[in-house]
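[1] what follows is a predicted protein model with its sequence.
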Amino acid sequence: MDPRRDLERPIFREVFLPLYRQLIQNACVNTGDADSGHEDRSIEVLRGFFEARGLPCQVFHARPGRGNLLVRVKGTDPSAKSLMFMGHLDVVPASAADWSVDPFAAEVKENQVWGRGAIDMLCWTAAQAVGFAEAVLAAGPKGFAGDLAFLALADEEASGRWGAQHLVAHHWESVKADFMVTELGGFFVPTVRGPVAFCNLGEKGVAWVKLSARGTPGHGSTPYRSDNAVLKVSEAALRLARWKFPFRGSRVYRSMARTAARTWLERCALNLKPGQRWGLSRVFARNQGLARFLHTASRTTASPNVVRSGQKVNIVADRAELLVDVRCVPGTTKQALLSELRRALGRRLCSEVVLEITDWFPANQSDARTPLKVAIESLFLEAHPDSQLADMVIGGVTDGRFWREKGTTVYGFSLFSQQLTMDAFAARIHGIDERLDLESLSLGLAFFSELPLRFWR
Ligand SMILES: [Zn+2]
C-alpha cells in the first residue's frame, strides 16, 4: 500500500487528526460580524503546536480576538524562490438542527470526519501546519534553498478585512511569497478517459452591482399608468439574468471542456459559440454542477439576488433597489462592464435606474506551467496513476486573490482520495453534513509534507 494512505501511522493518527479535530471543535464561526470568528482559539492551538517543535510564530491582529499566524523558515539561498502554505481558520455558520451530527463535535464516523470546516478549509490548514513541520524536520539542518512559510488567516469567510487584506496591505514584507498553495481544488470528476482532478489557477473578477429606481407613490388600488419602482427593478433583474454575455473560450476553459465532454461532438460544441448552449445542456443533463462550473468559466455572469422595495401593500412603490452578483472574465474593466450592463438594460431602463458598482475585485490567474505546478503534478500522479490533472478557474473567490494581485503564483490544490468528487465537494462546502474521508486527510497531509522537498529538488 502507498504509505501516504496508511491511516495508522503515528504522525497522522496522533498528531494530525487531533489537531484537525480541535480546529473544527474551536468553532471559529464567521457570521460577517466584526466580533465573530474568535480565531484566537485556533491561533493558540497552532502556536502550541509549532513552539513545541522549536518553530517560532508571529501573530498579527487587526482586531482583538481575530489573530493571524505566520511561521517562516529562512532559505539558504537568497536568490531561490519562496513557497507559502496559506489556510484560513474561520468557518461559515451551521444550523445544527439540519445536520445528522453535532457540526462542531468533529466526530469520526464511517471513516470520515464530520463537522463545519471539514473541507472548507480546516483539512487544508491542519495538513499545511503538520506538513510544514514535517518538511522542515525532513530537510534537517541543511534546510531548503528558499523560504518556506505557513500562514493561517482570520476572516476569509467575510471580506478578509481582519486577515488577508490587512496583512497584504500592512505586513507585506512578512507575508510575501513567490509561490503559494491554498484552497480550492483537488476534487475529482469521473470522465470517459478516467478520473480527472482540478488544480485551481485563478478566480473571476467580482463586481457587486446596485441598481436603484425611484417611482411616484399613489394608491395601490389605481395602478393604471402608475410610476412603480418595483416594475423597473423587476424588468432589470429579468433582462440581466437573461442577457447573453459574450462567450470566452480561454485556454483553461477549453481544458475544462475537454474534461467534461463525453464525445468528440460535445467537445467541439462546448468550444464553439454557436454550439456551447447545446453542449452545456448535454452536460447539465448528467451533472448540473459541472455544467454550471463550465458556464461560469466561459463568460461574465450576472445573478440578481436581492430586491428591496416598497413600504406597504396598498402604496405604489416609490423606491426599489436590486443587488446583482456579477462575476467578470479576465481583462474586464469597470468601464467595459458598465457599458455591457447598460446594453443589457436597454436605453429606456437605463434612464429609469441608477447603476453603480459597490464592490470590485479584478479577475486574477496564475501561470499554468511553473516549477510548483510540476511538483504538484508529480505528487498527484504518484498518488493517482490512473488519473489526470486539469486546470480550472473558479467563479468564487479565495484569499489567494490578494497575493495573485501582488504577483504571487497561487494554486488551489490538495491531494484527496477519489471519493471526493466535485459533486460531493459542492454539496458539502457551506452545506449540511460537511465531512471528509480519512484517506483524503491522510493524502493531504502527505502532500504538504512532501511538496517542499519536491519543489526545491
Ligand atoms: Zn474557504
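    Received the coordinates, thanks.
[2] quick one, domains of this structure?
    3-188+364-455, 203-361 (automatic domain parsing).
[3] can I get the ones you listed in a markdown table including distance to the ion?
    Heads up, the C-betas are built off the backbone N, CA and C, glycines and all. Listed next are the domains of the chain as a markdown table, based on distance: least, Cβ to the ion, whole Å:
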| stretch | distance to the ion |
| --- | --- |
| domain 3-188+364-455 | 4 |
| domain 203-361 | 12 |
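[4] want to throw the ones you listed into JSON lines with mean neighbour count, distance to G194 and mean pLDDT?
    Putting those into JSON lines (neighbours: other Cβ atoms under 10 Å; distance: least, Cβ to Cβ, whole Å; pLDDT from 0 to 100) gives the following:
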{"stretch": "domain 3-188+364-455", "mean neighbour count": "20", "distance to G194": "5", "mean pLDDT": "96"}
{"stretch": "domain 203-361", "mean neighbour count": "17", "distance to G194": "11", "mean pLDDT": "95"}
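[5] and the most centrally placed residue in the chain, helix, strand or coil?
    Taking Cα atoms, centre = their mean, the centroid of the chain lies closest to T398, which sits 4.2 Å from it. Classification of T398 using DSSP: H, G, I helix; E, B strand; the rest coil returns coil.
[6] hang on, it packs against E183?
    Yes. Counting by Cβ atoms under 8 Å, T398 touches E183, with 5.5 Å between them.
[7] hey, what's in contact with both of those two?
    Both T398 and E183 are contacted by G412, under the criterion Cβ atoms under 8 Å, 6 or more residues apart in numbering.
[8] now the helices for the stretch 201-350 of the chain?
    Counting by DSSP state H, counting those that start in this stretch, the stretch 201-350 of the chain has helices at residues 229-242, 251-260, 264-271, 276-286, 288-297, 334-352.
[9] other SSEs contacting the fifth one?
    This means helix 288-297. helix 251-260, helix 276-286, strand 388-394, helix 422-428 (3 or more Cβ pairs under 8 Å, 6 or more residues apart in numbering; DSSP states H and E).
[10] which residues sit against it?
    Taking contacts as Cβ under 8 Å, 6+ apart, the residues outside helix 288-297 that touch it are 189, 204, 250, 252-253, 256-257, 260, 270, 280-281, 283-284, 301, 327, 392-395, 422-423, 426.
[11] run the last query once more with 6 Å
    Applying Cβ atoms under 6 Å, 6 or more residues apart in numbering, the contact partners of helix 288-297 are 253, 256, 260, 280, 283-284, 393, 395, 422-423, 426.
[12] any idea how far it is from the chain center?
    15 Å (Cα atoms, centre = their mean, to the nearest Å).
[13] now the angle from it to helix 251-260?
    What separates the directions of helix 288-297 and helix 251-260 is an angle of 160 degrees, with axes from the mean of the first three to the mean of the last three Cα atoms, to 10 degrees.
[14] C-alpha coordinates for helix 288-297, PDB please?
    The C-alpha trace of helix 288-297 is given here as PDB (Å, rounded to 0.1, in the frame of the first residue of the first chain):
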ATOM      1  CA  GLN A 288     -25.600  20.000 -13.100                       C
ATOM      2  CA  GLY A 289     -22.600  21.200 -11.000                       C
ATOM      3  CA  LEU A 290     -20.100  20.600 -13.800                       C
ATOM      4  CA  ALA A 291     -22.300  22.400 -16.300                       C
ATOM      5  CA  ARG A 292     -22.500  25.500 -14.000                       C
ATOM      6  CA  PHE A 293     -18.800  25.300 -13.500                       C
ATOM      7  CA  LEU A 294     -18.200  25.300 -17.300                       C
ATOM      8  CA  HIS A 295     -20.700  28.000 -17.900                       C
ATOM      9  CA  THR A 296     -19.200  30.400 -15.400                       C
ATOM     10  CA  ALA A 297     -15.700  29.800 -16.700                       C
END
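[15] can you give me the angle that helix makes with helix 264-271?
    Here helix 288-297 runs at an angle of 40 degrees relative to helix 264-271 (the same axes, to 10 degrees).
[16] same thing with the last one?
    Counting by the same axes, to 10 degrees, helix 334-352 points 70 degrees away from the direction of helix 264-271.
[17] next, the angle from helix 334-352 to helix 229-242.
    Using the same axes, to 10 degrees: helix 334-352 against helix 229-242 is 140 degrees.
[18] now the third one
    For the pair helix 264-271 and helix 229-242, the angle between their directions (the same axes, to 10 degrees) equals 130 degrees.
[19] from the contact counts, what lies against helix 264-271?
    For helix 264-271, the packing partners by 3 or more Cβ pairs under 6 Å, 6 or more residues apart in numbering; DSSP states H and E come out as helix 251-260, helix 276-286.
[20] and if you look at the first one?
    For helix 229-242, the contact count by 3+ Cβ pairs under 6 Å, 6+ apart identifies strand 205-214, strand 301-309, strand 319-328, helix 334-352 as packing neighbours.
[21] mind running it again at 7 Å?
    Helices and strands touching helix 229-242, by 3 or more Cβ pairs under 7 Å, 6 or more residues apart in numbering; DSSP states H and E, are strand 205-214, strand 301-309, strand 319-328, helix 334-352, strand 353-361.
[22] please state the offset of the third one from the chain centre?
    For strand 319-328, the gap between its own C-alpha mean and the chain's C-alpha mean amounts to 22 Å (Cα atoms, centre = their mean).
[23] strand partners (parallel or antiparallel) of that strand?
    Using DSSP bridges, the strands paired with strand 319-328 are strand 205-214 (antiparallel), strand 301-309 (antiparallel).
[24] quick one: the helices in the stretch 1-150 of the chain?
    Counting by DSSP H, counting those that start in this stretch, the helices of the stretch 1-150 of the chain are 10, 17-25, 40-51, 122-139.
[25] rebuild the ones you listed as CSV, extending it with distance to R193.
    CSV is the format used below for these (distance: least, Cβ to Cβ, whole Å):
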stretch, distance to R193
helix 10, 38
helix 17-25, 33
helix 40-51, 41
helix 122-139, 27
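[26] distance check, A152 against T259.
    32 Å (Cβ to Cβ, to the nearest Å).
[27] swap that for E340, please
    Separation of E340 from T259 (Cβ to Cβ): 29 Å.
[28] quick check, L240 in contact with L322.
    No. L240 is beyond contact range of L322, at 8.4 Å (criterion: Cβ atoms under 7 Å).
[29] need the residues touching each of these two.
    With contacts defined as Cβ atoms under 7 Å, 6 or more residues apart in numbering, the residues shared by L240 and L322 are P304.
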